[in-house]
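Colleague: 3D model of this:
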Amino acid sequence: MTDTPSSRPAYRNGAGSSALVAGVVALVCAFVPFVGDIVAVPTGILAVVCGWVGIGRDEDGTATNGREAMIGAALGGAALFVVFVSFAATTL
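Modeller: Below is the predicted model:
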C-alpha cells in the first residue's frame, strides 16, 4: 500500500499568528517609557500588516485563524494609538 498525499492544501496561518504575537508585544512595549516607543512603532506596524494579510488569507480560505489575525491587527493599532497619544501629551 502506498500513501497518497492529501488533496487538502496546507493552511497558511503564519501571518495571523505573527500578527497576534507582534500585537501583544507592541501593546506591552507601548506602555514602557522611552525605549518602548522605539519597539512599539515597528512592531505595531508589523502587527497591522500581518493581520491584514492574515484576514485576507482567511477570507480566501487558505487560512483558518482569521480571529487571531483580527485581534493582532487591533492590538497593533491600539499600540500605535497609545504611542501617538503619549507622544502628543509629552510634546504639547
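
Colleague: could you list the low-pLDDT ranges of the protein?
Modeller: 1-6 (pLDDT under 70).

Colleague: what are the boundaries of the helices in it?
Modeller: Along the chain, the stretches classed as helices by DSSP state H are 14-30, 35-60, 66-91.

Colleague: which of the ones you listed is buried the deepest?
Modeller: helix 14-30 (a mean of 22; mean count of other CB atoms under 10 Å). Backbone N, C-alpha and C define where each C-beta goes, glycine included.

Colleague: that one packs against which elements?
Modeller: Secondary-structure packing of helix 14-30 (3 or more CB pairs under 8 Å, 6 or more residues apart in numbering; DSSP states H and E): helix 35-60, helix 66-91.

Colleague: quick one, it and helix 66-91 angle?
Modeller: 30 degrees (axes from the mean of the first three to the mean of the last three CA atoms, to 10 degrees).

Colleague: okay, angle between helix 14-30 and helix 35-60 too, please.
Modeller: Using the same axes, to 10 degrees: helix 14-30 against helix 35-60 is 160 degrees.

Colleague: how far does helix 14-30 sit from its chain's centre?
Modeller: Its chain's C-alpha centre and that of helix 14-30 lie 5 Å apart, by CA atoms, centre = their mean, to the nearest Å.
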